[in-house]
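>>> 3D, please:
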Amino acid sequence: QVQLVESGGGLVQAGGSLRLSCAASGRTFSSYAMAWFRQAPGKEREFVAAISKNGGSTYHSDSVKGRFTISRDNAKNTGYLQMNSLKPEDTAVYYCAADFHVIITTTTPSTYDYWGQGTQVTVSS
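Take a look at the predicted model:
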């Protein structure tokens with residue numbers, strides 16, 4: 001089993017930055033890939049970014065490419081999502097996800113077995 005806890009969300013003005021963290025516990029952290037998804041009210045859960053087990057490969061959605069960066073620190077059992085140049089349309093609940101077998105270019109939420117509880121990000125215009 002893997003437990004994931006997100007933190008770092010909040011209210012920020014458009015153009016600002018936030019860094020989300022995902023603290024993991026349970027199985028060996030470096031044995032699973034991690035991803036970030038987001039879900040806005042009334043919308044489906046959307047893929048944001050994913051990172052391989054050793055952090056050597058990343059994949060970002062077109063909507064965040066060049067603004068968001070996913071990373072991980074396997075020594076700290078923590079994943080991160082650095083979000084810059086935030087826009088009002090980035091407003092959503094952001095979820096951390098993990099899976100032992102996923103290919104990181106897979107964007108389907110159901111592919112991931114483990115999820116955090118989410119953290120709210122609100123970007124004001």
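
>>> Low-confidence ranges, this structure, go.
Within the chain, no stretch has pLDDT under 70.

>>> ok, 90 please
1, 27 (pLDDT under 90).

>>> quick one: contacts for Ser30?
Residues in contact with Ser30 (CB atoms under 8 Å, 6 or more residues apart in numbering) are 53-54, 74. For glycine as for every other residue, the C-beta is placed from the backbone atoms N, C-alpha and C.

>>> who wins for neighbours among the residues you listed?
Neighbours here mean other CB atoms under 10 Å. Within the contacts of Ser30, the largest count is held by Lys53, at 19 neighbours.

>>> From Glu46, how far out is that residue?
Look at Lys53 and Glu46: by CB to CB, to the nearest Å, they are 23 Å apart.

>>> and what of Asp113?
19 Å.

>>> ok so, going back, out of the contacts of Ser30, which is nearest to Ser63?
Lys53 (24.7 Å; CB to CB).

>>> Angles on the backbone of that closest one, please.
phi -60, psi -40 (degrees, to the nearest 10).

>>> Isn't it up against Tyr32?
Yes: with contact defined as CB atoms under 8 Å, Lys53 reaches Tyr32; the gap is 6.2 Å.

>>> nearest to Thr106, of the contacts of Ser30?
When these are compared against Thr106 (criterion: CB to CB), the nearest one is Lys53, at 14.2 Å.

>>> contacting residues around that closest one?
Contact analysis of Lys53 by CB under 8 Å, 6+ apart lists 30-33.

>>> Check which helix or strand the residue positioned nearest the centre of the chain maps to.
By CA atoms, centre = their mean, the chain has its centre lying nearest to Trp36, at 2.1 Å. Per DSSP states H and E: Trp36 is located in strand 33-39.
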